[in-house]
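Peer 1: Need a 3D model of the sequence below.
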Amino acid sequence: MPLRRLLVLATAGLLLTPGLAAAGISAGTPFPTNLLTTPDATQITGLRVDLPRPDCATHPTDCADVAVLNGLDGFNLQPRVSVPFDGPIDPSTVSSDTVRLYDLGCLACAPIGIDQAVWEPGASTLHAESGELLKQHERYLLVATTGLRASDGAPLDRTAFLHDLNFGQTKDEHTKRYRTELRDALQATGTFTKAAAASVFTTQSVTADLEKIRAQLGESTPAPAHITASFARAQITAIVWNRQASTSGPLSPSFVPVPALDVFPGSVGRVVFGTYESPDYETPAKVIPATGTLTGHPRPQGSNTLSYTLFLPAGAEPANGWPVAIFGHGFTDSKQGAPWTVASSLAHSGIASIAINVVGHGGGSGGNLTIVTPTGPTVIPDGGRGLDQDGNGTIDSTEGVNAVGPDALVSNRDGLRQTVVDLMQLVREIQVGLDVDSNGTADLDASRIFYAGQSFGGIYGIDFVALEPHLVAGVANVPGGPIIEIARLSPSFRPLVGIGLLSRTPSLYNAAPNPPLFTSFLENMPLRGEAIRIDTVPGASAIQELIDRNEWAQQSANPVALAPYVDHPVIVQFAKGDRTVPNPTTSALLRAGDLAGRATYFRNDIAGPGGTQLYPNPHTFLTGIGNPATALVALQAQAQIATFFATNGALTIDPDGSGPVFEVPIAGPLPETTGF
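Peer 2: Just a heads-up that it's a prediction; the model follows:
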């Protein structure tokens, strides 16, 4: 049985206790609440989530999800709050004045309102999302006030709430302490006389594990990176990528976009291929084991040999070596893709670039690169990090980045975090010194390390930029979060959500499936800023709750949750009407990190001839150099990145100058609709 239903039933039982029958409509215990936790001294918060387990025989997927959530040290940083009632209320009285949150660690701070409200008549429950991202490992008071009204306009009845708060009998010490904590919070915030229902809850920690791993990486000096092969640009005729796409079939050949290195002819002087060792904190199930956020110590489960591709500029090398930009590729892509399309622009500005494969990307480890030169081919491993998780004999383009089975709720959280670890280790390798020409000096400047990433690379890139202190500046191109919101709003990824709903036991797919799209499910959720929605769609509330749980479980890799910790100079590039990472998810990131002033907004709707739409989907505007119609925009966006890095993050140019195609920063309010 869903958690919120349990709270509703428990509240109903209280309200119907003899002698306490309410004359009017009463509210019950809101969610989240620290009543659903247990003390845990190993955690920063001093507690751990303790949700009741459903019947694992009839609801095995829910049971597995609860096990994941019960390993966390607090609740979601942007929770779906729920307030149950014992009868109907007037939805028009729901607002940020009548339902609000208070930061108990900052009583002088303004209250936090709500957004995306939903009234569920069938369960007499109000749902809403906190109006802003909350702080990590912080206590909050959630209050539903007497400004709410019953459906007939009558005031809510506070009798049961006050009796339970002040006189309710219990032998449970945890409940006693909680009631004291709740009373104190209501008094401290001046809301005791206004509260019709209230709860205290603590948010989870999101940065603890990666901060500890970052410290561990700094405790020892890594072995220098290995150089597998090095070629002058002029030596490379072509490169064939023989990707391992199956466990037993032949390799799948394709061409690496070598001609992209000549966008600025003569800018790239050398291409270097090599490897380095990085500690692997993931288990074979693609999960980083949970440890206490206060006293626990994440431990490597093994080691990964990671392949890198390095592009060095032509010309005289600076005395301290070349400044270098780490470039992060996108979802389904690899280091054989997007990094090649930006290398020329960066090299043209005197900046080297280097790339690795994300966890689960690049095909299987049995693939190779055949580098064709005038003197003959050279074959080297391609560094694929994919694996056949489902045992069907194929290795898909992202297979291995997600947790599966009982840990499916973790999704790609730990694949993203492991990728951040690998990038942190790459920074250490650059600091140790990468000697490409074997002359005894480092060829990369360890004091000028930058980061740029596209799409998925922008997503884990925000995490990386937030947590890696040795970066000078960073650029995230078309990022967004949380990933479950990207998936449900994106036409590209929504089928994955549908398949996930269908694969649960019992299924949560609440419409007739429409294979192969699987997009007909109805979650009935409003966008930010929309009016309260009356939800009478069967099964929609269960999907809403699952979306909240997905976000909750994955917060420690959610760029929205990490954005407040970005203190390097940054640019966030995004495009109007992006169909892959929809605009509301980028706006969430910008809002959380207070980064709207650092946003570059590509106006795809007017970027075409005569002020028309340029791309059907502008998600790849940074890398569209192969098409004359889009190359100008791509090179303008790349020039902004190159200039930003060349000036150590001091100068942010408008890519099209005084033209209207790029807004630097975004001219209007952050977009909260998809724009497509």
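Peer 1: C-alpha only now, for contacts and for neighbours.
Peer 2: OK.
Peer 1: any idea where the helices of the stretch 251-400 of the chain begin and end?
Peer 2: 338-348 (DSSP state H, counting those that start in this stretch).
Peer 1: For it, which segments count as strands?
Peer 2: Applying DSSP state E, counting those that start in this stretch to the stretch 251-400 of the chain gives strands spanning 252-255, 268-280, 302-313, 322-328, 352-356, 368-373, 376-381.
Peer 1: Out of those, which gets nearest to residue 653?
Peer 2: strand 322-328 (18.1 Å; Cα to Cα).
Peer 1: Could I get the contacting residues of residue 112?
Peer 2: Residue 112 is in contact with 96, 100-102, 130-132, counting by Cα atoms under 8 Å, 6 or more residues apart in numbering.
Peer 1: partners of residue 254 in the sheet?
Peer 2: On the basis of DSSP bridges, residue 254 is bridged to residue 241.
Peer 1: Now do the end-to-end distance for stretch 107-120.
Peer 2: Using Cα to Cα, to the nearest Å, the end-to-end distance of stretch 107-120 comes to 32 Å.
Peer 1: same deal with stretch 253-266?
Peer 2: First-to-last distance for stretch 253-266 - Cα to Cα - comes to 28 Å.
Peer 1: Sitting in strands, which of the contacts of residue 112 do you find?
Peer 2: Among these, the ones falling in strands (DSSP state E) are 100-102, 130.
Peer 1: And those, which two are furthest apart?
Peer 2: 102 and 130 (10.8 Å).
Peer 1: doesn't residue 545 fall inside a helix?
Peer 2: Yes: counting by DSSP: H, G, I helix; E, B strand; the rest coil, residue 545 falls inside a helix.
Peer 1: Check the gap between it and residue 551 for me.
Peer 2: Where residue 551 is concerned, residue 545 sits at a distance of 10 Å (Cα to Cα).
Peer 1: What of residue 288?
Peer 2: From residue 288 to residue 551 the distance is 17 Å (Cα to Cα).
Peer 1: Please apply the same query to residue 463.
Peer 2: From residue 463 to residue 551 the distance is 15 Å (Cα to Cα).
Peer 1: tell me which element residue 422 is part of?
Peer 2: Using DSSP states H and E, the element containing residue 422 is helix 413-432.
Peer 1: other SSEs contacting that helix?
Peer 2: helix 208-217, strand 268-280, strand 444-454, helix 456-467 (3 or more Cα pairs under 8 Å, 6 or more residues apart in numbering; DSSP states H and E).
Peer 1: just the angle between it and strand 444-454, please?
Peer 2: Using axes from the mean of the first three to the mean of the last three Cα atoms, to 10 degrees, the direction of helix 413-432 lies 160 degrees away from that of strand 444-454.
Peer 1: what mean pLDDT does helix 413-432 have?
Peer 2: Mean pLDDT, helix 413-432: 98.
Peer 1: That helix vs strand 268-280, what angle?
Peer 2: Per the same axes, to 10 degrees, the angle that helix 413-432 makes with strand 268-280 is 120 degrees.
Peer 1: orientation of helix 413-432 relative to strand 352-356 in degrees?
Peer 2: Computed by the same axes, to 10 degrees, the angle separating helix 413-432 from strand 352-356 equals 140 degrees.
Peer 1: where's residue 611 relative to residue 542, distance?
Peer 2: Plainly put, residue 611 is 43 Å away from residue 542 if you go by Cα to Cα.
Peer 1: Of the two, give the one with the bigger neighbour count.
Peer 2: Counted by other Cα atoms under 10 Å, residue 611 and residue 542 do not tie: residue 542 has more neighbours, with 16 against 13.
Peer 1: Contacts for the helix or strand where that one lies next, please.
Peer 2: Residue 542 is part of helix 540-553 when elements are defined by DSSP H and E. Contacts to helix 540-553, defined as Cα under 8 Å, 6+ apart, come from residues 2, 68-69, 72, 75-77, 79-80, 120, 409-410, 482-485, 508, 510, 522-525, 535, 558.
Peer 1: per-residue confidence averaged over the following helix or strand past it?
Peer 2: Per DSSP H and E, the first helix or strand lying C-terminal to helix 540-553 is helix 559-562. What helix 559-562 shows for mean pLDDT is 98.
Peer 1: what packs against helix 559-562?
Peer 2: Judged by 3+ Cα pairs under 8 Å, 6+ apart, helix 559-562 is in contact with helix 456-467, helix 583-592.
Peer 1: do you know which of those lies nearest residue 197?
Peer 2: Ranked by Cα to Cα, the member of the helices and strands packed on helix 559-562 that lies closest to residue 197 is helix 583-592, at 27.8 Å.
Peer 1: can you tell me which residues contact the residue nearest the centre of the chain?
Peer 2: Nearest residue to the geometric centre of the chain (Cα atoms, centre = their mean): residue 558, 2.7 Å. Residues near residue 558 by Cα under 8 Å, 6+ apart: 413, 459, 463, 481-483, 551.
Peer 1: Pull the most distant pair out of these.
Peer 2: Within the contacts of residue 558, two members stand farthest from each other by Cα to Cα: 463 and 551, at 15.5 Å.
Peer 1: I'd like to know how many residues surround residue 594.
Peer 2: Residue 594 has 13 neighbouring residues, counting by other Cα under 10 Å.
Peer 1: Now do the contacts for the closest residue to residue 562 other than its chain neighbours.
Peer 2: Leaving aside its chain neighbours, residue 562 sits nearest to residue 463 (5.7 Å; criterion: Cα to Cα, 6 or more residues apart in numbering). Neighbour list for residue 463: 420, 557-559, 562-563 [criterion: Cα under 8 Å, 6+ apart].
Peer 1: repeat that for 10 Å
Peer 2: Counting by Cα atoms under 10 Å, 6 or more residues apart in numbering, residue 463 touches 207, 210, 416-417, 419-420, 457, 556-563, 565-566.
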